[in-house]
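*Asks:* I would like to see how this sequence folds:
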Amino acid sequence: MTSAEVTRRRAMGAGLGALAGALAGCSGASGPVRRLRLATGPEGGPYNAFGQALAQAVAASGHRIEIVPVSTAASVNNLRKLDDGSVELALAMADAAEDAVLGREPFPRPTPVTALARVYVNYTHLVVAADGPVRSVKDLAGRPVAAGAAGSGVQVVTERVLRAAGLSGAPAPAPVSTQAPTSTPAPAPAADERPLGLAASVSALREGSVDALFWSGGVPTPALAALARELPLRFLPLDDYVGPLRERYAPVYTAVTLPAGVYGLTEPVGTIGVGNYLMARADVPQDAVRDLLRVVFDRWRDLLREVTAGARLEPRFAISTGEVPLHPGAVAHYRSVYG
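*Replies:* Predicted structure coming up:
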């Protein structure tokens with residue numbers, strides 16, 4: 001072998017070694033970016049704001065994941081997208097998430113989805129014009145009500161409140177009795193539920209085409225704060241319905257308070273709280289979940305700033321996901337960080 005051939009072979013070996021090193025690097029921290037689609041909510045809504053903020057925080061983190069927010073109708077729609085594989089991640093209200101996992105209406109069968117964290121609490125708002133005729137839930141009988149967009153978590157909680165008040169349109173179960181029937185008063189007419197999202201609900205209440213709107217979101221919700229500055233509003237209490245909802249559905253419903261000062265309120269208003277879960281398909285890789293949760297807990301102040309004032313994200317709060325199982329990657333993250 002000539003000296004030139006020896007030199008050539010040495011150079012080739014060095015080149016192959018460099019290539020192997022480069023390939024090894026690609027399989028580690030410098031590997032391909034994992035793209036995860038996140039079902040959020042309608043443009044301008046809190047889920048969409050959270051999703052956009054999370055995408056920006058992840059992009060700035062250096063982790064090899066990318067979050068792609070997808071605009072949707074929100075909770076129920078998001079859970080269906082998780083199930084059919086058109087997204088890998090989603091935001092959903094706790095009641096809709098439990099319905100999906102347990103196979104309760106509107107889900108025809110149990111849906112195999114998991115939770116990463118309970119990120120914040122939605123406050124249920126029932127808003128009417130201050131000079132209007134509605135002063136309680138019962139006054140909604142026969143009246144037009146903005147009940148939340150089709151496929152949203154707002155629509156779920158609205159229907160349940162109206163059903164508890166005897167105003168839903170859904171037939172009540174017949175009483176079981178061996179006694180002779182007695183005359184009973186005719187039921188109140190159902191509320192006229194209109195499937196409207198937040199922006200359309202605000203416009204309808206402003207124009208007087210509905211007598212009330214339901215909304216479930218952070219406090220303050222900017223669209224409602226803006227409406228309160230141009231139109232005198234009344235926020236009706238809903239805390240009397242927490243017990244019936246917990247008894248009939250799940251303990252995901254809690255008593256919370258719209259504090260005095262928000263929306264111009266002069267005193268607190270009791271209402272219904274429902275958690276929001278960051279969720280994932282079970283087949284999302286554990287390392288991607290752990291990287292994502294590191295960002296969520298590092299940047300929670302930025303993520304929640306535009307969604308709900310004064311909220312905190314704490315581990316004992318985040319792991320409280322009821323019937324919805326935590327993703328194995330989430331379990332590993334909490335154990336490694338918090339023991």
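*Asks:* how near is the nearest residue to residue 31 once chain neighbours are set aside to residue 116?
*Replies:* Nearest residue to residue 31, sequence neighbours excluded (C-beta to C-beta, 6 or more residues apart in numbering): residue 64, at 5.8 Å. Yep, even glycine has a C-beta here, placed from its N, CA and C like the rest. As defined by C-beta to C-beta, to the nearest Å, residue 64 lies at a distance of 18 Å from residue 116.
*Asks:* Neighbour count for these two, which is higher?
*Replies:* Remark: of residue 64 and residue 116, residue 116 carries more neighbours, 25 against 15, as counted by other C-beta atoms under 10 Å.
*Asks:* Quick check, that one in contact with residue 325.
*Replies:* No: using C-beta atoms under 8 Å as the test, residue 116 is too far from residue 325 to be in contact (11.0 Å).
*Asks:* and residue 69, how many neighbours does it have?
*Replies:* With other C-beta under 10 Å as criterion, residue 69 counts 23.
*Asks:* Could you look up the SS state of it?
*Replies:* strand (DSSP: H, G, I helix; E, B strand; the rest coil).
*Asks:* Report the spatially nearest residue to it, omitting neighbours in sequence.
*Replies:* residue 51 (3.7 Å).
*Asks:* Just the element for the one you found, please.
*Replies:* Assigned by DSSP states H and E, residue 51 belongs to helix 46-61.
*Asks:* Residue 67 is in contact with the residue nearest to residue 69, correct?
*Replies:* Yes: the criterion here is C-beta under 8 Å, and residue 51 meets it with residue 67 at 7.3 Å.
*Asks:* anything in contact with each of these two?
*Replies:* Common neighbours of residue 51 and residue 67, using C-beta atoms under 8 Å, 6 or more residues apart in numbering, are residue 38.
*Asks:* So which of the two has more stuff around it?
*Replies:* With neighbours defined as other C-beta under 10 Å, residue 51 and residue 67 compare such that residue 51 has more, 26 against 22.
*Asks:* Contact partners for the more buried one?
*Replies:* 38, 40, 41, 67, 69, 70, 91.
*Asks:* And the second one, how close does it get to residue 276?
*Replies:* With distances defined as C-beta to C-beta, the gap from residue 40 to residue 276 amounts to 11 Å.
*Asks:* which neighbours do the two share?
*Replies:* Joint contacts of residue 40 and residue 276 (C-beta under 8 Å, 6+ apart) are 47, 91.
*Asks:* Pull out the buried residues from the helix or strand containing residue 280.
*Replies:* Taking DSSP H and E as the criterion, residue 280 maps to strand 269-281. By neighbour count on 16 or more other C-beta atoms under 10 Å, the buried set for strand 269-281 is 269, 271, 272, 273, 274, 275, 276, 277, 278, 279, 280, 281.
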